[in-house]
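Asks: I'd like to go over a predicted model; first the sequence, then the structure.
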There are 2 protein chains.
Amino acid sequence: MARYFLEVAYRGTNYSGYQAQENAPTIQAALERALEILHREKFELTGSSRTDAGVHANQNFFHFDRTEALHPQAVYKLNAILPGDVVVKRFYEVPAEAHCRFDAVARSYAYYVYRSKDPFLADRAFYFPYTIDLDRMQAAAKMLMDYNDFTSFSKRNTQVKTFQCKIQQSEWVQHGETLIYRVRANRFLRGMVRALTSTQLLVGRGKIGLAEFQQIIEARNCELASFAAPPHGLFLEAVHYPSELLTNCVSNY
Amino acid sequence: MARYFLEVAYRGTNYSGYQAQENAPTIQAALERALEILHREKFELTGSSRTDAGVHANQNFFHFDRTEALHPQAVYKLNAILPGDVVVKRFYEVPAEAHCRFDAVARSYAYYVYRSKDPFLADRAFYFPYTIDLDRMQAAAKMLMDYNDFTSFSKRNTQVKTFQCKIQQSEWVQHGETLIYRVRANRFLRGMVRALTSTQLLVGRGKIGLAEFQQIIEARNCELASFAAPPHGLFLEAVHYPSELLTNCVSNY
């Protein structure tokens, strides 16, 4: 019996999220079906990082156990079976006790905002045409790095025991008419990146001052953060593991 | 009474083409509805360059006549009414006899092909993972410039009187894993860019030799060209008018 990590990327537009659920298309269900078609037996995947309906990923992981070898051209074959918006990148063989969710040491997200209407960004960025002050948004992004409790940016219906997160990167980057909020942390709370983004956008518009932004953080109150920025602007960019974990790539393009 | 040209861009994925038809969403219908909502009266648009279902445009035009002035913020307001995948760029006031289809002196198309599966290109490029010889495709692209009858690359059910086209640009451009076929001509036949692209891709794969490619062109026979490359890789890039026609922009962002 060997354990494998499966690295994937996907456009979330046509999916009801990452994790399998009945009667709804999910990334997990699409992958399990493709694996089953190729290997002629059931696969049960364990997911690394849940993404909501409509959220995209440039990198996400699953793990599974298997006694027999994988198909020698597993990546190529699976990509031919899968629809165009779900892509298998690589398989890694990992130690039997490795876990794709618990062993992740950090995750990186990017939230895309565009300022001038563009038909080719409508499904992958949030249209926000208002005048904004990027310097103030940058100051808000930096301020977040001074805190480690993000209760104010979590959804209420969550089962976590703690709202502590260690933010390692938090910054706005500008590419032409597109603004990208990049954030990396050891862990994220439910809805956190979308709530952080929308609240900072209101800081940029001048609807919330920097002092008020600080009060929102310090209040540790789920009721205070503003609307959640829509899912279609959010990308899971990377799931970070200890470097020794993913050294044995057994199938790629 | 004044005549206006309306410049638009759109992602064709969710539309049954450019021109209005009953019981199907089209770019024209979306624009006429938005104009009617804003101005509270019917608009009747005449289209410049028909695009098939699923084909995209970075630039296309309509014209219409109107006695009263346009809404002073027409572009901004219409974009708020329109869905995210159809964008109004500009309105131009033009001479009363100007015609957005007949006055076009040339059109430019780009066909996007990607070689390595990417979930974010699935709706806007053609996945073609086979080994290809780009030099041979480039030679085929150049060869097309020596001819002016493209019957072999036209659909049969067409009402045109002549299959003559003057190709002004025909070349393959490589950007990383993406290949782009760029073609500009004074006019195009039905299905022409998609047939040119697919036939050149078969040249690239070695399924068709350059001599055979030349024979296909010279045969002037609609039956010979290969499968049509799918619509979702095709972009109408620009409609070219005499420079004096579009000098009076009356509304933009």
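Replies: Noted; the coordinates are in hand.

Asks: mind checking the SS state of A:Leu78?
Replies: helix (DSSP: H, G, I helix; E, B strand; the rest coil).

Asks: Quick check, the residue in the stretch 101-250 of chain A closest to chain B?
Replies: A:Ala122 (3.0 Å; CB to the nearest CB). C-beta: built from backbone N, CA, C; applies to glycine.

Asks: ok, for the residue of chain A positioned farthest from its centre, nearest residue in space, not its chain neighbours?
Replies: Here the centre of chain A is the reference, and by CA atoms, centre = their mean the most remote residue is A:Glu68, at 31.1 Å. Distances taken as CB to CB, 6 or more residues apart in numbering or on different chains put A:His39 closest to A:Glu68, at 7.8 Å, once the chain neighbours are dropped.

Asks: wouldn't that neighbour be in contact with A:Pro72 here?
Replies: No. A:His39 lies out of contact with A:Pro72 (CB atoms under 8 Å); the separation is 11.7 Å.

Asks: quick one, which of these two is more surrounded?
Replies: A:His39 (17 against 9; other CB atoms under 10 Å in any protein chain shown).

Asks: and the gap between that one and A:Lys89?
Replies: Per CB to CB, to the nearest Å, A:His39 is found 18 Å from A:Lys89.

Asks: Could you verify my assumption that A:Asn248 touches A:Tyr92?
Replies: Yes. In this structure, A:Asn248 is within contact of A:Tyr92 by CB under 8 Å, at 5.8 Å.

Asks: Looking at the two now, which is surrounded by more residues?
Replies: Neighbour count, other CB under 10 Å: between A:Asn248 and A:Tyr92, A:Tyr92 has more, with 22 against 13.

Asks: which ones are touching the more buried one?
Replies: Residues in contact with A:Tyr92 (CB atoms under 8 Å, 6 or more residues apart in numbering or on different chains) are A:Tyr4, A:Phe5, A:Glu7, A:Leu245, A:Leu246, A:Thr247, A:Asn248, A:Cys249, A:Val250.

Asks: Buried only: go through the residues you listed for me.
Replies: The neighbour-count test (16 or more other CB atoms under 10 Å in any protein chain shown) marks A:Tyr4, A:Phe5, A:Glu7, A:Leu245, A:Leu246, A:Val250 as buried among those.

Asks: ok, those vs A:Leu179, which is closest?
Replies: A:Glu7 (27.9 Å; CB to CB).

Asks: Show the pLDDT at that closest one.
Replies: pLDDT for A:Glu7: 97.

Asks: List the beta-bridge partners for it.
Replies: A:Phe61, A:Arg90 (DSSP bridges).

Asks: Looks like it contacts A:Arg90 (just checking).
Replies: Yes. Counting by CB under 8 Å, A:Glu7 touches A:Arg90, with 4.6 Å between them.

Asks: how close does the residue lying closest to A:Leu121 once chain neighbours are set aside sit to B:Leu35?
Replies: Computed as CB to CB, 6+ apart, the closest residue to A:Leu121 that is not its neighbour in sequence is A:Tyr114, at 4.8 Å. A:Tyr114 sits 24 Å away from B:Leu35, going by CB to CB.

Asks: Between those two, tell me which one has more neighbours.
Replies: Neighbour totals were compared for A:Tyr114 and B:Leu35, and B:Leu35 leads with 27 against 23 (other CB under 10 Å).

Asks: wait, doesn't that one sit right on B:Glu44?
Replies: No. Contact criterion CB under 8 Å: B:Leu35 and B:Glu44 do not qualify, at 9.7 Å.

Asks: Next, the buried residues of stretch A:124-139.
Replies: Across stretch A:124-139, burial judged by 16+ other CB under 10 Å covers A:Arg124, A:Ala125, A:Phe126, A:Tyr127, A:Phe128, A:Ile132, A:Arg136, A:Met137, A:Gln138.

Asks: repeat for stretch A:8-24
Replies: Quick answer for stretch A:8-24 (16+ other CB under 10 Å): A:8-20.
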